[in-house]
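Student: next input, structure requested:
(chains A, B, C and D)
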Protein chains: 2
Amino acid sequence: MLPTTSDKTIGRLSLYRRLLQGFQADGVRYIYSHQLAGLAGVTPAQVRRDIMALGYAGSPARGYHVEELLESIGHFLDDSGAQPVGLVGLGNLGRALLAYMSGRGSRYSVVAAFDSDPMKTGRVIHGCRCHAVDAMKQVLEDEGIRMAILAVPTEVAQDSAARLCEMGVTGILNFAPVRLWVPEHVYVEDIDLTTALERVAYHARRRATMKESVK
Amino acid sequence: MLPTTSDKTIGRLSLYRRLLQGFQADGVRYIYSHQLAGLAGVTPAQVRRDIMALGYAGSPARGYHVEELLESIGHFLDDSGAQPVGLVGLGNLGRALLAYMSGRGSRYSVVAAFDSDPMKTGRVIHGCRCHAVDAMKQVLEDEGIRMAILAVPTEVAQDSAARLCEMGVTGILNFAPVRLWVPEHVYVEDIDLTTALERVAYHARRRATMKESVK
DNA sequence: AACTTGCTGTGAATTTATTCACAGTGTGAC
DNA sequence: GTCACACTGTGAATAAATTCACAGCAAGTT
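Tutor: The predicted structure follows:
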């Protein structure tokens, strides 16, 4: 097994990449760990550790060469280049995600959407064709889709996930607030808006009272 | 300082609550840690540890009393009951979040939205009045808003966040893919869709190849 | 009433993630 | 050249999160 890299590191590398792209656009050629750290909100040591995972090394005198570092991160995270993404569920959230994704020139583009509502199928929304759920197998194969965004109601999330897995999908970004049970070789990342909001509420309340009591 | 509870625990408690509500609706009165753990996708020991933070204790013979446990979690997470939320940014994402939030009978409801586009202000969307950004101070005060969802373009996120902080907001749910710099007493939770998707892509690719190489 | 069972609560061990701290080094100043 | 500097890469220390493992106990069973 390859030296396994933690999830958190993956996430931060993705963040560093975006920051670096900004620097590159501004014509910056070299950068130090503490500069990246400042923008990313982490410690310089953390940045260096994360970059270690890439196998890329900077120069003690100049720091990291922006372009080379970007290339390293790209190689590490993507390798194969742009990947097609499937979207299941075209409710409010699904449509918004579609709009959001099509807006920014991301390296991942949603090439096919699915919904059980016949009113929605056949149409093209934000440049993406919407198919019936029955057509899923065929479309996934044709487009070579290996990752999917799941934005369906909670009740059908497990079902949809199982179906996706059967059809060869190995990565799912799940917005339904349930834990999905999938085969071991499938990766699920959950984004739970309710939980996120509750966490904010908890801290917001706590901070609000803290602020007063400190005085 | 109170014995500080980790962010992760907060998140899981929120998840347990939703699961427990399901049990309660089904008329279940007592529940064991391993049952919750199974649904939540964590270990039983983890569940017990998390519940320790509440100060609530179950019975060795029957497990946890669903209703009492729910009450404990509620007391711990919310206490003050429903809280009003402000939403800044009514682009695709903002509108979708609004629809999403108004749909489910959450304990947090978006009572005011803000956008800089005069075309959008004054209207009522999904039962929520949309105000001009200039009116923010007044509206936040009137409604007693202490937490906000930030769904504006990346470029203006920092600005908007700073403004919110000035006006007494102590919790922000940030969808812009940048690290926000805010006063110490303000809590920020980031939801970065791009990073999330890249993480899925990374693992999806990895799993896909792993699956083959295991064979 | 004594015994069995399978749970909870929690100290201790372990694993994972982060930070410290410093040897080693390329660069620019003199 | 030689020196001083400010950085990187990384082993070791620390901190945080999770899991183990077991004492103690309420309820059912004989």
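Student: neighbours of the closest residue to A:T5 other than its chain neighbours, just the number please.
Tutor: Of all residues not flanking A:T5 in the chain, A:A53 sits nearest, at 4.9 Å (C-beta to C-beta, 6 or more residues apart in numbering or on different chains). C-betas here are computed from N, CA, C, even on glycine. A:A53 has 18 neighbouring residues, counting by other C-beta atoms under 10 Å in any protein chain shown.
Student: tell me how far A:A53 lies from chain B.
Tutor: 12 Å (C-beta to the nearest C-beta, to the nearest Å).
Student: can you give me the pLDDT of that residue?
Tutor: A:A53 carries a pLDDT value of 97.
Student: taking the centroid of chain A, which residue is nearest it?
Tutor: In chain A, the C-alpha closest to the average C-alpha coordinate belongs to A:L173, at a distance of 7.5 Å (C-alpha atoms, centre = their mean).
Student: how about it, secondary structure?
Tutor: strand (DSSP: H, G, I helix; E, B strand; the rest coil).
Student: please name the residues that touch it.
Tutor: Contact analysis of A:L173 by C-beta atoms under 8 Å, 6 or more residues apart in numbering or on different chains lists A:M147, A:A148, A:I149, A:L150, A:E189, A:I191, B:A196, B:L197, B:V200.
Student: out of those residues, who's the most crowded?
Tutor: Per-residue neighbour counts (other C-beta under 10 Å) across the contacts of A:L173 peak at A:A148, which has 30 neighbours.
Student: do me a favour and average the pLDDT over the helix or strand where that residue lies.
Tutor: Using DSSP states H and E, A:A148 maps to strand A:147-150. Across strand A:147-150, pLDDT averages out at 98.
Student: do the same with stretch A:73-86
Tutor: Averaging pLDDT along stretch A:73-86 yields 89.
Student: avg pLDDT for the strand ranked longest in chain A?
Tutor: Counting residues, the longest strand found in chain A (DSSP state E) is strand A:108-115. The average pLDDT within strand A:108-115 is 95.
Student: so does that strand get close to chain B?
Tutor: Yes - among the residues of strand A:108-115, A:Y108 lie within reach of chain B under C-beta under 8 Å from any C-beta of the partner chain.
Student: now do the same contact list for A:I73.
Tutor: By C-beta under 8 Å, 6+ apart, the contact list for A:I73 reads A:L13, A:Y16, A:R17, A:L20, A:L54.
Student: likewise A:R17?
Tutor: The contact partners of A:R17, taken as C-beta under 8 Å, 6+ apart, are A:L70, A:I73, A:G74, A:L77.
Student: tell me which stretches of chain A form strands.
Tutor: A:30-31, A:64-65, A:83-88, A:108-115, A:124-125, A:128-132, A:147-150, A:171-174, A:187-190.
Student: near DNA strand C, which residues of chain A?
Tutor: Within reach of DNA strand C by C-beta under 7 Å from any atom of the strand, chain A has these residues: A:6-9, A:42-43, A:45-46, A:49, A:59-62.
Student: filter the residues you listed down to the buried ones.
Tutor: A:T9, A:V42, A:Q46 (16 or more other C-beta atoms under 10 Å in any protein chain shown).
Student: now, among the residues you listed, which is nearest to DNA strand D?
Tutor: A:Q46 (9.1 Å; C-beta to the nearest atom of the strand).
Student: hang on, the closest one packs against A:R12?
Tutor: Yes - shown here, A:Q46 and A:R12 form a contact pair, counting by C-beta atoms under 8 Å, at 7.4 Å.
Student: rewinding a little: most packed of the strands of chain A?
Tutor: Among the strands of chain A, strand A:147-150 has the highest mean neighbour count (mean count of other C-beta atoms under 10 Å in any protein chain shown), at a mean of 27.
Student: off-centre distance for that one?
Tutor: Relative to the centre of its chain, strand A:147-150 is centred 10 Å away, using C-alpha atoms, centre = their mean, to the nearest Å.
Student: check stretch A:81-88 too.
Tutor: 11 Å.
Student: list the contacts of that stretch.
Tutor: With contacts defined as C-beta under 8 Å, 6+ apart, stretch A:81-88 is touched by A:94, A:97-98, A:101, A:107-115, A:128, A:133, A:136, A:139-140, A:143-152, A:160, A:164, A:169, B:197, B:201, B:204-205.
Student: cool, stretch A:22-29 as well?
Tutor: Defining contact as C-beta under 8 Å, 6+ apart, one finds that stretch A:22-29 is touched by A:I31, A:H65, A:V66, A:E67, A:L70.
Student: let me have these in CSV, extended by distance to B:G89 and pLDDT.
Tutor: Converted to CSV, these look like this (distance: C-beta to C-beta, whole Å; pLDDT from 0 to 100):
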residue, distance to B:G89, pLDDT
A:I31, 30, 97
A:H65, 36, 98
A:V66, 30, 98
A:E67, 33, 97
A:L70, 29, 97
